[in-house]
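Undergrad: below are the sequence and a predicted model for it; my questions follow.
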Number of protein chains: 2
Amino acid sequence: MIQLETRELEYFIALADELHFGRAAVRLSIAQPALSKAIRRIETRLGVPLFDRSSRHVELTPAGQALQEHGRHALNAVSAAVRHAQRAGDTQAHLRLVLKPGGDAGLLSGLLAAYAHQPDARQVDILFSGPADRADFLRDGRADVGLLYAPFDDLGGLAHETLLTEDRVAVVPAGHRLAGRASVRMSDLAGETLPRWKGVPGGDGTGPEVADVVQLLQMITVGRMIGVLPRSLVEPLATGLVCVPVADAPPSRLVLAWVEQDRRPLVASFVTAALASRRDGTRADLDA
Amino acid sequence: MIQLETRELEYFIALADELHFGRAAVRLSIAQPALSKAIRRIETRLGVPLFDRSSRHVELTPAGQALQEHGRHALNAVSAAVRHAQRAGDTQAHLRLVLKPGGDAGLLSGLLAAYAHQPDARQVDILFSGPADRADFLRDGRADVGLLYAPFDDLGGLAHETLLTEDRVAVVPAGHRLAGRASVRMSDLAGETLPRWKGVPGGDGTGPEVADVVQLLQMITVGRMIGVLPRSLVEPLATGLVCVPVADAPPSRLVLAWVEQDRRPLVASFVTAALASRRDGTRADLDA
DNA sequence: ATTCGGCGATAACCTGGAGGCATGATCCAA
DNA sequence: TTGGATCATGCCTCCAGGTTATCGCCGAAT
C-alpha cells in the first residue's frame, strides 16, 4: 500500500493553502527547496501531479483538491489520536467541560459544586467554544464533557443526559406586533426576518448573519430581525425586548454530552454528579 | 503540536495487534530491535507509556488502548485520502459500482446498458461487498456509486436516488403455519426465529447468524428460522419456500447512492443514466 | 528591447536518526 | 542451574530530508 507520512501531508496542506512555495515554507519553518523536493517526492510516490505550477503561479489539480479535502481530515484524525492517547495516559488530568458562553442556563455553578463533592473529583477546566462546534470538541478529544442543546447540536456519536427541558420563546422588540401576545405559533412568525447563525450551514433564517446570542439580541433591539430561542438563553431579559412563548416549537433540551464509547471514570463521575444535582434541584447551588 | 508519523503509527498498531515484538516485526518486515526502538521513541515523544512490557509479556496501557482505537481510524483516513487523490488524478479511471451479490433486483443489466449509452461512459468495475459495508466502500473511496437498501443501510454522508420501491415479504418454509396466508402483519411474526446478520450489530433477530441471503434461505428451508426481506431479494423463489407480503413493514427502497460531496462528472453521468433507465422501465433491458 | 525582481527548480553538501546485526539482560520453566 | 524465549542496548551504516548557493524562467517596469 502506498502511504504518505504525516509530515508530508502537513507540507502538502500548507502549500495547498498558500499556493506559494516561499510562504508555505516559511509557515512550515523549512527552506523553500526542501518543500519543492518534498512535494515532488509525494507526487512521484502517488503517481499523480498535485499542483500545476509555473514560476509565476501555483494551483491545485483535481487530485490535489481531493487530497486537500481528505488529507485535512486525516491530519485531524492523527492529531486526535495523539491527544486521546496522551490524555488517557495522564491520570491527573483535569476534566474539560465545553460550553457556549451563557449556554449553561444557570446550572453551571450547581454542576461544579455537585462534582466537587465526588470522591474522585478533579480540577475542572471550562472551555468556551464557538456557536456550533462543541460537539466537535468532544469528538476529537479536546474536551471530555459538554453542555449542548438538543435538537440543535448534532449528537451523532455522543451519549447524553438531559439536564433541563424548556420551551422556546420568540424574542421581539417591545413595539413589535406580537409583543403583547401571551403565546404565538410558528405560523405567526411567517414573514419575519430570522437570523442566519455564523458557522451553521443548515439554518432556516434568511436575514443577516449573527455570531452569538448577544449579537442577535442587539439586532432584535434595533428592529432588524426577531429570534426564537430556548428561554434560558435570553434571561435575564434586556430592556426593550419582550419574549413570547412559542406554543408549537419542539421544546429545547440542555443536555450533558460525552463521547459514546468513552467509559473513563473521569467522565462517568461527572455525569453521576450532574444527574444527582439535577434531582436535587437547586440544593447544590445553596450548598456552594 | 506533537505529531506521529504514519510509519510510526503503523508500527504501533502492528504491535498493539500482536502484543509480541518479534511477530509484529516480522509482519512489518523490519528487525525486532528497530521496532523496540521505534516504540520507545513514540512513547518518549508522546510522553506516555503505551505498553506494559516485561521480557515475558506485552500489554496495552490505557493510553495504548486509546491510541489503538483512534490510531486505526487515523491510518484509514490517510489511506482514504491517498486513494481519493490517486483516483481523482486518473482521468481514465473505471467507474466502480458496489453492490451485494443478488442485490440489484434485476436492474443491473438495464443500468449498465443505459450507462453505456452516455457519451462519457467509462468501463464499469462491479465490486461485491459483504452484507453491510457497502456504504463504507463509498465513504472511503473504494467505490464511486453503490446499490444500497433503504432503510437498512446507513445513508449518512451519502446522496441517493431511489431506483425501486418494493414491499417486504416474509419467507417461510412451505409447511409453515403462515404459508397459506395472503398477507401477514409484523405482530403475526412474534415468537418466530429471525436471523442475526453477520457483521451487523443492531439487528432485531435472535437466532443463528447468517452471512448472506443464500445462507438465510437455506436455514429457512430446513425450518430453523424465517426471514423478512424485500421481495426482489428472494426471487426467483426456491422450491419449498413460500413468501407472504408483510402488510405493515415499511417498504424497502433500492437506492443508487454516492458520496454527497462527490461532484465528479464520472458519478453524475452514471446517476443521470440510472434515472433515465428508471423512467424507461424495462426498455433498456430489451435494448441490450 | 532590456533589465530587474520574484519564484520555483537544481546542484552540492551535510547530518540526524532509522534500521541492521550482535549481544546483553531478564524471566520463567524444567 | 541451565536453557530458551523475549525485549533492550550498543554500535555501525546509510540515506532521507534538510541547508545554502545558484540557475532559469517569466512578467512587469523603464
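TA: Thanks, I have the structure now. Numbers count the residues shown, from 1 in each chain, chains lettered A, B, ... in the order given.

Undergrad: outline the domain layout of chain A.
TA: Residue ranges of the domains in chain A are recorded as A:6-87, A:92-155+A:258-287, A:168-245, according to automatic domain parsing.

Undergrad: closest one to DNA strand D among those domains?
TA: Comparing those by their distance to DNA strand D (CB to the nearest atom of the strand), the top pick is domain A:6-87, with 3.2 Å. Every residue, glycine included, has its C-beta placed from N, CA and C.

Undergrad: where in the stretch 101-250 of chain A is pLDDT low?
TA: Along the stretch 101-250 of chain A, the model assigns pLDDT under 70 to residues A:131-132, A:199-205, A:207.

Undergrad: tell me where it has strands.
TA: Secondary structure of the stretch 101-250 of chain A (DSSP state E, counting those that start in this stretch): strands located at A:124-128, A:145-150, A:158-166, A:168-173, A:196-197, A:209-210, A:227-230, A:241-245.

Undergrad: parallel or antiparallel, which strands does the second one pair with?
TA: Each strand that strand A:145-150 pairs with, and the sense of that pairing, follows from DSSP bridges: strand A:95-99 (parallel), strand A:252-259 (antiparallel).

Undergrad: now do the first one
TA: The sheet places strand A:124-128 alongside strand A:95-99 (parallel), with pairing taken from DSSP bridges.

Undergrad: how close does A:Ala182 get to DNA strand C?
TA: Counting by CB to the nearest atom of the strand, to the nearest Å, the gap from A:Ala182 to DNA strand C is 65 Å.

Undergrad: just A:Ala170 next, same as before
TA: 53 Å.

Undergrad: center of chain A - which residue?
TA: A:Asp133 (1.2 Å; CA atoms, centre = their mean).

Undergrad: what's the angle from the longest helix that chain A contains to helix B:62-89?
TA: Among all segments of chain A classified by DSSP state H, the helix with the greatest residue count is helix A:62-89. Using axes from the mean of the first three to the mean of the last three CA atoms, to 10 degrees, the direction of helix A:62-89 lies 180 degrees away from that of helix B:62-89.

Undergrad: gap between helix A:62-89 and the chain center?
TA: Relative to its chain's centre, helix A:62-89 lies at 18 Å (CA atoms, centre = their mean, to the nearest Å).

Undergrad: same for that helix, what does it pack against?
TA: Of the remaining helices and strands, those touching helix A:62-89 by 3 or more CB pairs under 8 Å, 6 or more residues apart in numbering or on different chains; DSSP states H and E are helix A:6-18, helix B:6-18, helix B:32-46, helix B:62-89.

Undergrad: next helix or strand past the first one?
TA: If I follow you right, that is helix A:6-18. Secondary structure here is assigned by DSSP states H and E; on that basis, the next helix or strand after helix A:6-18 toward the C-terminus is helix A:21-28.

Undergrad: take the strands of the stretch 101-250 of chain A and write them to TSV, including mean neighbour count and distance to B:Arg7.
TA: As requested, the strands of the stretch 101-250 of chain A are exported to TSV (neighbours: other CB atoms under 10 Å in any protein chain shown; distance: least, CB to CB, whole Å):
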stretch	mean neighbour count	distance to B:Arg7
strand A:124-128	14	33
strand A:145-150	24	34
strand A:158-166	16	32
strand A:168-173	23	52
strand A:196-197	18	42
strand A:209-210	18	44
strand A:227-230	22	48
strand A:241-245	18	58
